[in-house]
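In: dropping the sequence and predicted coords here.
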Amino acid sequence: MGRQRTRQLMAHFGPEVNPFDLSVKELCLVKGISKDIARSIKSYSRFELGEAEVEAACRKNITLITCWNKHYPVLLKKIYDPPILLYCTGQPLQAREDTIAIVGTRRYTAYGKSVTQSITRDLNLAGLTVVSGLARGIDTIAHQETVRNGCRTIAVLGTGLDILYPPGKQAVGLPDLRAGNNYH
């Protein structure tokens with residue numbers, strides 16, 4: 001089942017419903033899903049294709065969280081086109097964890113750096129978990145400041161955990177993401 005069909009089912013039944021748990025009759029309620037398609041979904045048995053991915057992730061201490069998993073971030077489910085699968089390492093996001101996103105330019109000024117550090121420090125003192133990309137610039141400054149303050153930070157990557165882009169991200173003074181630290 002592809003991404004488009006998965007999103008179609010999520011839009012109809014909600015992100016908390018696993019389509020593999022639905023009956024053929026229930027699946028046919030979705031526009032564009034015929035009995036043949038519904039039967040195909042129900043009879044899908046090639047889960048071994050994903051098993052190799054799961055095993056590789058386990059060897060690297062990476063947890064896979066689907067959008068149907070209870071640990072999938074609630075707020076992430078509410079965005080347009082949420083990812084179906086998250087690759088995570090470190091401590092899982094808590095159900096009621098207060099988070100705030102900090103994002104910004106890659107080319108920052110001294111003033112921008114100072115303000116980012118100050119705002120991040122205040123947010124850390126308020127007990128918020130900082131979420132950001134891991135791009136160079138403001139994103140990295142927010143993570144560095146949070147780590148310096150001994151607080152929790154979550155890095156959202158557009159690639160897998162084994163592919164850090166752009167190259168050289170580990171040179172920014174953050175713990176190695178692949179070592180099981182408090183990053184996602």
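Out: Looks like it arrived, so ask away.
In: which residues in the protein form helices?
Out: 3-13, 24-27, 35-43, 48-59, 74-77, 110-125, 138-148 (DSSP state H).
In: out of the ones you listed, which one sits most buried?
Out: Neighbour counts (mean count of other CB atoms under 10 Å) averaged over each of the helices of the chain peak at helix 138-148, with a mean of 22. Heads up, the C-betas are built off the backbone N, CA and C, glycines and all.
In: please save the CA atoms from that one in PDB.
Out: Output of helix 138-148 as PDB, limited to C-alpha atoms (Å, rounded to 0.1, in the frame of the first residue of the first chain):
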ATOM      1  CA  ILE A 138      19.800  29.100  13.900                       C
ATOM      2  CA  ASP A 139      18.500  25.400  14.100                       C
ATOM      3  CA  THR A 140      22.000  24.300  15.300                       C
ATOM      4  CA  ILE A 141      22.300  27.200  17.700                       C
ATOM      5  CA  ALA A 142      19.000  26.300  19.400                       C
ATOM      6  CA  HIS A 143      20.100  22.700  19.800                       C
ATOM      7  CA  GLN A 144      23.600  23.700  21.100                       C
ATOM      8  CA  GLU A 145      22.100  26.100  23.700                       C
ATOM      9  CA  THR A 146      19.600  23.500  24.800                       C
ATOM     10  CA  VAL A 147      22.300  20.900  25.300                       C
ATOM     11  CA  ARG A 148      24.500  23.500  27.100                       C
END
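In: how far off helix 110-125 does it point, in degrees?
Out: 40 degrees (axes from the mean of the first three to the mean of the last three CA atoms, to 10 degrees).
In: list the helices and strands helix 138-148 packs on?
Out: Under the contact criterion of 3 or more CB pairs under 8 Å, 6 or more residues apart in numbering; DSSP states H and E, helix 138-148 touches helix 110-125, strand 129-132, strand 153-155.
In: now do the last one: distance to the chain's middle.
Out: Remark: strand 153-155 is offset 10 Å from the chain centroid, using CA atoms, centre = their mean, to the nearest Å.
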